[in-house]
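1. Pasting the sequence and the predicted model now:
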Amino acid sequence: MKKTIAYVTISLFFSGCISLFGPKINYESIKVHGETKADRVLQLDILKSISYNLETRKCLAVKNTFTEVIKVYSAKPNAYKIKERWTAFGCEKEFGYYVMLEGGEGKGTKYTITPIK
């Protein structure tokens, strides 16, 4: 009996931590408009990062984003860098971000997000 109570307590603790530290914005429902080189899986990763940033700005009501490719760089034949501007609309404001996509053949794509001030 005591073990069961301990397991239930531990489970509730960890489920509470997950809800505390996960994004409160449903980033999967945010619509992405405009032009982006990111596929839907990468878009969701980017939207998740943007959602975390928006929560620190006390904005939990984001409905859509507008994306724009600024520049495509190619340093090597099988490598690329792409700079995009993502604008999130919510809380009666616009929140701008520069997104840098960087990848190469077989390495996947890494990204960095920089808020535009």
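-> Perfect, I can see it now.
2. OK, contacts around Thr87?
-> Thr65, Phe66, Thr67, Glu94, Phe95, Gly96, Tyr97 (C-beta atoms under 8 Å, 6 or more residues apart in numbering). The way it works is simple: take the backbone N, C-alpha and C, and place the C-beta from them, glycine included.
3. and what of Ile82?
-> Lys37, Val69, Lys71, Val72, Tyr73, Met100, Leu101, Glu102.
4. Against which helices or strands is whatever helix or strand Val69 lives in packed?
-> For Val69, the element it lies in under DSSP states H and E is strand 62-73. Under the contact criterion of 3 or more C-beta pairs under 8 Å, 6 or more residues apart in numbering; DSSP states H and E, strand 62-73 touches strand 31-34, helix 40-56, strand 79-90.
5. what's the offset of the second one from the middle of its chain?
-> So the one you mean is helix 40-56. 1 Å (C-alpha atoms, centre = their mean, to the nearest Å).
6. Quick check: the gap between Lys37 and Asn64.
-> 19 Å (C-beta to C-beta, to the nearest Å).
7. same check, this time on Val41
-> Val41 is 19 Å from Asn64, by C-beta to C-beta.
8. And those two? Which one has more around it.
-> Asn64 (14 against 9; other C-beta atoms under 10 Å).
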